[in-house]
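> Make a model of this:
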Amino acid sequence: MSAHAFKNQRGVVMVIAMIMLIAITLMVVTASNIAQTNLRIVGNMESREQARFAAIAAIEEALSSSRFADSPTSIFLNSCGVANRKCYDSNGDGIFDITVQVSTPTCVSVIPKKNVELDVFNFPDQATCHLPPGVYSMCAASVWEFEAVATDVVTGAEVTVRQGVSILTTLNKIDTACPV
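Down below sits the predicted model:
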């Protein structure tokens, strides 16, 4: 082989090496971008799930007492600045990360209970509903709808959760809040 042909081969090897180096660099940059995008997606999903859990927690807190039937515009004992609002610190840093605004619960329907429909033997608290000698008792099954909108104040993720509940309550508690 001549010295001139050997020099030409060195130039070709260098060009091929540069092309391979550029191709590997592009693959690494693409992989890095995909990984960063996936991390953002996972972070957004986590923020959304935390907001959803906060909305469910607020609804469950509202359902745990009869305040929503007694006073639908003030369902929490300790609201966060505004009536029917709860604030949550999800990461424990002392700053509220998620706010949940629960709309005023809506009474969808009321169905008066007859005395014969009460189960006073298995549920002794229903004995207070019994109203002799009439057909109807002093209680009714009421169906309520709750809606909570949770917002992550850091990421802006927002989730709306709707939940219905049926409760047995006295008619005098719901006479102004529910249609009969």
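
> mean confidence for stretch 92-107?
For stretch 92-107, the mean pLDDT works out to 90.

> quick one: pLDDT of Asn8?
At Asn8, pLDDT is 58.

> Please disregard the earlier target; I meant Met14.
83.

> Can you report how many residues neighbour it?
Neighbour count for Met14, taken as other CB atoms under 10 Å: 10. (Glycine included, C-beta is placed from N, CA and C.)

> what's near enough to touch it?
If you count contacts by CB atoms under 8 Å, 6 or more residues apart in numbering, Met14 has none.

> what about it, which SS state?
helix (DSSP: H, G, I helix; E, B strand; the rest coil).

> now swap in Asn122 and tell me
Taking three-state DSSP, the label given to Asn122 is coil.

> what's around it, how many residues?
Asn122 has 6 nearby residues by other CB under 10 Å.

> And Val159, by the same measure?
What Val159 shows, counting by other CB under 10 Å, is a neighbour count of 21.

> Surely it is within a strand?
Yes: applying three-state DSSP, one finds Val159 inside a strand.

> so who does it touch?
Arg48, Ala51, Arg52, Ala55, Val149, Ala150.

> Quick check: bridge partners of it?
For Val159, the beta-bridge partners are Ala150 (DSSP bridges).

> on that earlier part again, okay, the contacts of Val159 in CSV with neighbour count, distance to Met138 and pLDDT next?
Listed next are the contacts of Val159 as CSV, based on neighbours: other CB atoms under 10 Å; distance: CB to CB, whole Å; pLDDT from 0 to 100:
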residue, neighbour count, distance to Met138, pLDDT
Arg48, 16, 44, 90
Ala51, 29, 40, 92
Arg52, 17, 38, 94
Ala55, 28, 34, 95
Val149, 17, 35, 96
Ala150, 26, 37, 95
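
> Now do the strands in the protein.
Along the chain, the stretches classed as strands by DSSP state E are 85-88, 98-102, 106-114, 136-152, 158-170.

> mean confidence score for the first one?
The average pLDDT for strand 85-88 rounds to 93.

> Make 417 the first number, not 1, from now on.
With the count now opening at 417, the last piece we talked about shows up as strand 501-504.

> counting contacts, what elements does that strand pack onto?
Here strand 501-504 touches helix 419-479, strand 514-518, going by 3 or more CB pairs under 8 Å, 6 or more residues apart in numbering; DSSP states H and E.

> now those as TSV including distance to Lys529?
Output for these, formatted as TSV (distance: least, CB to CB, whole Å):
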stretch	distance to Lys529
helix 419-479	20
strand 514-518	27
